[in-house]
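> Provide a 3D model corresponding to the input given below.
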Amino acid sequence: PIFDAEPTLAIGAIAIDAGTSPNPTVYVATGEGDGSADSYYGAGIFTSADSGVSWTQLGAAEFASVSIGSVALDTRNQPPTIYAAASFGSSASRTDASWIETGFGAMGLWRSPDGGQSWSHYPLGTFGACLYFSNDPCPATQVVIDPANPSIVFASIMWTGVFRSLDSGATWTEASFPGLAGSVGRSSITISGSNAYAIIGAFDGAAFDPTESRDVILVAR
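Next up, the predicted model:
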């Protein structure tokens, strides 16, 4: 265990910048961005350049009590550009009443052009209207960078859809899934070669429920 002394033990994602020396730089995104009643909140993103001996906290103000379920690095420049998918977090268990700690306005997709020293939040409306949070962005559940072309970025936005950017996050276009208009819930994305794939969860919140049917869908590139 190398993280026990830090402000939180709830971990949502880990990313590694293998191009730094003498050690790869490790990024740990905290909070459990799973969208459930017992998804614990975090304390931002932590980075270590010495294999976890010491840690530096990033985004303490932006991500206070927020759950980060996914983080992606564009390492073409140093410091890298960081994308973070933020959701809500609570301080309860399945046997307790859930107390939501997160300010809903902090949910959604974030971007840092300078290794986490400053952050910009994609504003309400960037990814369309959010049904359940009319005055706040919908939670972002995943962000993925194309390893062959880091200018291409995919983001999964709860209840809204999967979005693609061809210009490093400057603009976004919604992916079209035949037969799933208005029914996209939580989704997960991966990239293999020239193809991107998405698992689409139900709009009613029963995402990835094994009793319900799910499709693996090819996203046109």
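> from here on, contacts and neighbour counts on C-alpha atoms
Fine.
> So what does the residue nearest to the spatial centre of the chain look like in phi/psi?
Centroid-nearest residue in the chain, with C-alpha atoms, centre = their mean: Ala85, separated by 2.2 Å. The phi and psi torsions at Ala85 (degrees, to the nearest 10) take the values phi -100, psi 110.
> which stretches of the protein have low pLDDT?
93-94, 179-183, 204-221 (pLDDT under 70).
> For it, which segments are assigned as helices?
With DSSP state H as the criterion, the chain has no helices.
> Please name the bridge partners of the residue nearest to the centre of the chain.
Ser70, Leu109 (DSSP bridges).
> Now do the same contact list for it.
Applying C-alpha atoms under 8 Å, 6 or more residues apart in numbering to Ala85 gives the contacts 68-71, 107-110, 139-143, 155.
> swap in Phe63?
So Phe63 contacts 42-44, 106 (C-alpha under 8 Å, 6+ apart).
> One more: Gly169?
Here Gly169 is in contact with 151-153 (C-alpha under 8 Å, 6+ apart).
> Who wins on neighbours among these?
The residue in the contacts of Gly169 with the most neighbours, by other C-alpha atoms under 10 Å, is Val153 (22 neighbours).
> Is that one in contact with Leu166, as I believe?
Yes - taking C-alpha atoms under 8 Å as the definition, Val153 is a contact partner of Leu166 at 6.7 Å.
> Could you name every residue contacting both of these two?
Counting by C-alpha under 8 Å, 6+ apart, no residue touches both Val153 and Leu166.
> returning to what we had before: what's the spacing between the residue nearest to the centre of the chain and Gly193?
Distance, Ala85 to Gly193, by C-alpha to C-alpha, to the nearest Å: 23 Å.
> same check, this time on Ile145
Counting by C-alpha to C-alpha - Ile145 and Gly193 are separated by 12 Å.
> what about these two, which has more around it?
Ile145 (22 against 8).
> Look up which residues are beta-bridged to the residue lying closest to that one once chain neighbours are set aside.
Nearest non-adjacent residue to Ile145, counting by C-alpha to C-alpha, 6 or more residues apart in numbering: Val153, 4.6 Å away. Assessed by DSSP bridges, Val153 has beta-bridge partners Ile145, Ser165.
> And Gln57, by the same measure?
Going by DSSP bridges, Gln57 forms beta bridges with Phe46.
> returning to that earlier point: got a list of what the residue nearest to Ile145 touches?
By C-alpha under 8 Å, 6+ apart, the neighbours of Val153 are 143-146, 164-166, 168-169.
> For the residues you listed, which ChimeraX command selects only the ones that are buried?
Remark: buried members of the contacts of Val153, expressed as a ChimeraX selection using 16 or more other C-alpha atoms under 10 Å:
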select :143,144,145,146,164,165,166,168,169
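> from the contacts of Val153, which is closest to Pro123?
Using C-alpha to C-alpha, Gly169 comes nearest to Pro123 of the contacts of Val153, at 12.7 Å.
> separation between that closest one and Arg76?
15 Å.
> Check Phe203 too.
36 Å.
> Over to Ala140?
Applying C-alpha to C-alpha to Ala140 and Arg76 gives a distance of 24 Å.
> more neighbours, the two?
More crowded of Ala140 and Arg76, by other C-alpha under 10 Å: Ala140, with 33 against 11.
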